[in-house]
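> give me the fold of what follows.
(one chain, ligands or ions: 2)
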Amino acid sequence: MIRNDLRNIAIIAHVDHGKTTLVDAMLKQSGIFRANEYVQERVMDSNDQERERGITILAKNTAVMHNGTKINILDTPGHADFGGEVERVLTMVDGVLLLVDAYEGPMPQTKYVLRKALEQHLKPIVVINKIDRPDQRVTEVIDEVLDLFIELEATDEQLEFPVVLASARSGYAKLSMDDPSDNLEPLFKVILENIPAPDVDLEAPLQMLVNTLDYDDYVGRIVVGRILRGTIHNGENITLMHEETSKKAKIGRLYSYQGLKRIEAQEAGAGDIIALIGLPDAEIGDTIADLENPEILHGIKIDEPTLSMVFSVNTSAFAGREGTFVTSRHLRDRLFKEMETNVSMKLEETETPDAFKVSGRGELHLSVLIESMRREGFELQVGKPAVIMHRNEEGKLQEPMEALTIDVPQDFMGAVMEGLGLRKAELLNMTEMAGYLRMEFNIPARGLIGFRNQFLTDTKGNGIMNHVFAGWADYKGDIPGRTRGSLVAFESGEVTPYGIDKCQERGVMFVVPNQKIYEGQIIGENSREDDMDINPCKKKHVSNMRASGSDDSVHLIPPRTFSLEQALEQINEDELVEVTPKSIRMRKAILDRVDRGRQRSRNKKD
Ligand SMILES: Nc1nc2c(ncn2[C@@H]2O[C@H](COP(=O)(O)OP(=O)(O)OP(=O)(O)O)[C@@H](O)[C@H]2O)c(=O)[nH]1
Ligand SMILES: [Mg+2]
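Ligands and ions are numbered 1, 2, ... in the order given. All right, here's what the predicted structure looks like:
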């Protein structure tokens, strides 16, 4: 049966091309909100980090009614590190809105998500967004999108994609630039006409794949998925199937989506996207099947992680002072819980019970988890991110590559090229765009670690960089690391202005007067290659001869401060980032000065 009363779409795009803003507009124009209701901008970006960082991290469901048809809409993240989220939810839809910024045109993540959508044979609709921009290049961008489809070997049918022009922020869509439309009606019409309605069997035995897990403090685990076959009823007994095992379970409550809410329903039929509670052990990839005739589904396969970090219990001199959850038990439970919902992340135990190897799709993917943990009250320490390599069938070492796009004003091209050359990047393409140069590279993922900090300095903040996983390639050889050593605290104590004054000739300081530090903490960056132990806690000897006001002559240079991501980029192999709810500190893995000295001479001998 064709369910003409239903459509399922995902909105996919590169980061910031306006997906969440478009969902706002679609919700508003579907009468979801009361006329005078205050609605936050980017209302779907509902968690703290999403609002603070201004990006979508988790894919989310919503639904609107349009002329009697229910449209389930999935908003997805555009940042490459959350590509796993996009891949996973694409299995629930029949078509996608591919948003492309009318100025920027297709970017690395546009290509990545479009490839995933085409592989799953989803019907694409191209939406050129932000056509209100004075610098819009609508005509060229449409051509560029067509080229992208061709490059990705789209079928003839896929190449016939409809194009809608839109300004999500102003809430209108048009079929051509001179179309007078001032609302989204043209977009809704294209969706209803082009996205296939689900073709399903409502009478067959129930089958649904668990696609997403969500939590709610009151009801516990919420299972989200699309019913593939049959009909599901509130309170019904089902079979929950997990790989080889299966067991009987009872649906606690059944919800369907309506605007931003989940509404309790008595039944739902194949084709619809629903949420269930009362299944505390359901996992992503499990099948919810008919009680009598259970048949398993297979289906969620996503790209492997490319980057890993070791998370361990905080062992700094200040451990336990600022957090609530500080033991290896806490750390372990929290990480295992994360793996249940964050399917593109992997967790491995190590030789010691205090340390875990966590692998993800990029630095941001992992740092969002670290940031969530510190907000929840955890203390932990994390090692330098390392790229995951493997050997192919011939035994050759393979490393992950990234497609890197850089937009910079012409003046900075030299500096950027030089930096990237050392990092084994290969220039593939260069185009000029309204005063900017767009350069496309292929670079080992390894080469990108620590590059963002350097790039911001080299371009004085004028450059934009984007990258996305681009497959595996033969190992490209050594890439030089940080060229400067660390300034390391000689002893524990409190930083003094006098102490900093003496230290700052050596390099850039990271600490301020009165700050408490510990032996082995990294308090600055040396201007030379090796590490140096140094004491910023030194007090001035008060001599009778000098006036007491002579400290005034101390001129302190403002310290360099680090966000979590910047700290992770800064550290070397023998260093760690200490994370607590209140602080982010960098430290040597070996804190004791004497032990560190011994280790150094041992390394030299090897
Ligand atoms: N000029 C203009 N700006 C827009 C339009 N749509 C969105 N924006 C702006 O673009 C920025 C990003 O918008 P979002 O909706 O968060 O983009 P997104 O695609 O959801 O981003 P991610 O989820 O992080 O990938 C915001 O500052 C929006 O206000 C538009 O039609 N015109
Ligand atoms: Mg978004």
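
> how much space separates the residue lying closest to D199 once chain neighbours are set aside from ligand 1?
Take D199 and drop its neighbours on the chain: the residue closest to it by CB to CB, 6 or more residues apart in numbering is I2, 5.1 Å away. Bear in mind the C-beta positions are built from the backbone N, C-alpha and C, glycine included. Using CB to the nearest ligand atom, to the nearest Å, I2 is found at 31 Å from ligand 1.

> hmm, I2 is touching A270, no?
No. Judged on CB atoms under 8 Å, I2 makes no contact with A270 at a distance of 11.3 Å.

> show me the contacts for the residue in the stretch 501-606 of the chain that ligand 2 sits nearest to.
The nearest approach of the stretch 501-606 of the chain to ligand 2 comes at E565, 19.0 Å away (CB to the ion). By CB atoms under 8 Å, 6 or more residues apart in numbering, the contact set of E565 is E363, L364, S367, R452.

> in three-state terms, label the residue nearest to H555 when sequence neighbours are not counted for me.
Excluding its sequence neighbours, the residue lying closest to H555 (CB to CB, 6+ apart) is D501, at 7.3 Å. Secondary structure, DSSP: H, G, I helix; E, B strand; the rest coil: D501 is helix.

> again with L291
Three-state assignment for L291 (three-state DSSP): coil.

> is it correct that it is in contact with H233?
No. Using CB under 8 Å, L291 makes no contact with H233, being 11.1 Å away.

> going along the chain, name the helices of the stretch 251-400 of the chain.
For the stretch 251-400 of the chain, the helices defined by DSSP state H, counting those that start in this stretch occupy 328-341, 363-376.

> I meant the stretch 401-550 of the chain, not that one.
Going by DSSP H, counting those that start in this stretch, the stretch 401-550 of the chain shows helices at 413-422, 445-448, 451-458, 497-503.

> rank those helices by mean pLDDT and give me the bottom one.
Here those differ in mean pLDDT, and the lowest is helix 451-458 at a mean of 83.

> helices or strands up against that one?
With contacts taken as 3 or more CB pairs under 8 Å, 6 or more residues apart in numbering; DSSP states H and E, helix 451-458 sits against helix 413-422, strand 464-474, helix 564-570.

> in the stretch 251-400 of the chain, which spans are strands?
For the stretch 251-400 of the chain, the strands defined by DSSP state E, counting those that start in this stretch cover 253-258, 261-264, 267-269, 273-277, 287-289, 307-312, 346-349, 355-360, 380-383, 386-387, 390-391, 397-409.

> any idea of the pLDDT on the residue of the stretch 301-450 of the chain found nearest ligand 1?
Distances between the stretch 301-450 of the chain and ligand 1 by CB to the nearest ligand atom are smallest at L364, namely 10.8 Å. L364 carries a pLDDT score of 91 in this model.

> go on, D551?
pLDDT, D551: 52.

> again with V343
84.

> residues touching it, list them.
G84, R88, I284, G285, I300, I302 are the contacts of V343 under CB under 8 Å, 6+ apart.

> which of these sit farthest apart?
G84 and G285 (13.0 Å; CB to CB).

> so the two - more neighbours on which side?
Set side by side, G84 and G285 show more neighbours around G84, with 21 against 17, by other CB atoms under 10 Å.

> does that one really touch K346, like I thought?
No. Here G84 lies out of contact with K346, judged by CB under 8 Å, at a distance of 10.8 Å.

> for the protein, give the residue positioned nearest to ligand 1.
Counting by CB to the nearest ligand atom, the chain gets nearest to ligand 1 through G78 (2.4 Å).

> all set, thanks.
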